[in-house]
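# Just to be clear, the model below is a prediction. Sequence and coordinates:
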Amino acid sequence: MKEKLRKEIKEKRRKLIKEDNRKRSKEIKERLFQLKEFKDAQTILFYISYNGEVFTHDMVLESFYNKNIIVPVSNKEDCSLILSHLKSWEELSIGSYGILEPRIEKIRKTDIKDIDLIIVPGVAFDRSGNRLGHGKGYYDRLMKKTKATKVGLCFEFQLLDEIPTESHDKSVDILLTEKRTITCKK
């Protein structure tokens with residue numbers, strides 16, 4: 001069931017033309033930057049978008065001015081995320097899974113307890129904040145270690161009525177699409 005959903009949503013995402021992705025992502029960025037939780041946060045974990053995800057590059061670049069930016073580095077050995085303080089875009093290069101990550105010599109490890117807000121990627125979400133990830137559990141394992149506010153970013157077509165969940169799946173607190181802000185029910 002989950003694999004079928006992943007495939008369908010990723011296909012829809014792939015068909016979204018770049019200009020449309022950027023326009024919708026800009027609307028999501030504006031919603032994010034208006035959130036009280038974002039304004040109050042000092043240290044934010046951003047995912048670096050790839051493969052048609054909500055485009056976070058501009059969000060990260062604009063946030064350098066007044067936020068501490070943390071980005072994940074995939075540790076494929078145990079499917080965990082190493083959190084690294086990013087000081088400039090130039091520190092990034094293609095890493096695991098074809099995603100931009102800090103180069104090894106630029107990794108500055110940061111503890112999860114120092115993060116105020118987590119911007120969470122997902123293949124799909126539902127209105128309750130349940131998330132369908134890529135299936136490896138990187139973000140589920142990370143999110144269970146923190147009380148930081150978790151914000152999921154997705155396009156409207158990635159918002160489903162219901163996501164099948166299992167006991168290890170972790171949900172987000174807030175969902176942002178190009179059309180709305182959803183405070184998820186717990």
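Right, received. Where do you want to start?
# can you pull out the helices in the protein?
Here the chain has its helices, by DSSP state H, at 2-15, 18-34, 36-40, 57-63, 138-143.
# so which of those helices is the most packed in?
helix 138-143 (a mean of 20; mean count of other CB atoms under 10 Å). In this view, the C-beta of every residue, glycine as well, is placed from N, C-alpha and C.
# Packing partners of that helix?
strand 68-75, strand 80-86, strand 117-120 (3 or more CB pairs under 8 Å, 6 or more residues apart in numbering; DSSP states H and E).
# Run through the neighbouring helices and strands of the worst-scoring helix or strand of the chain on mean pLDDT.
When each helix and strand of the chain is scored by mean pLDDT, DSSP states H and E, helix 2-15 comes last, with a mean of 88. Counting contacts by 3+ CB pairs under 8 Å, 6+ apart, helix 2-15 is packed against strand 124-126, strand 131-132.
# try it again with 10 Å
If you count contacts as 3 or more CB pairs under 10 Å, 6 or more residues apart in numbering; DSSP states H and E, helix 2-15 packs onto strand 124-126, strand 131-132, strand 159-160.
# Dump these into a markdown table; add mean neighbour count, mean pLDDT and distance to Leu83 as well.
As requested, the helices and strands packed on helix 2-15 are arranged in a markdown table below (neighbours: other CB atoms under 10 Å; pLDDT from 0 to 100; distance: least, CB to CB, whole Å):
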| stretch | mean neighbour count | mean pLDDT | distance to Leu83 |
| --- | --- | --- | --- |
| strand 124-126 | 23 | 95 | 22 |
| strand 131-132 | 24 | 93 | 19 |
| strand 159-160 | 18 | 95 | 27 |
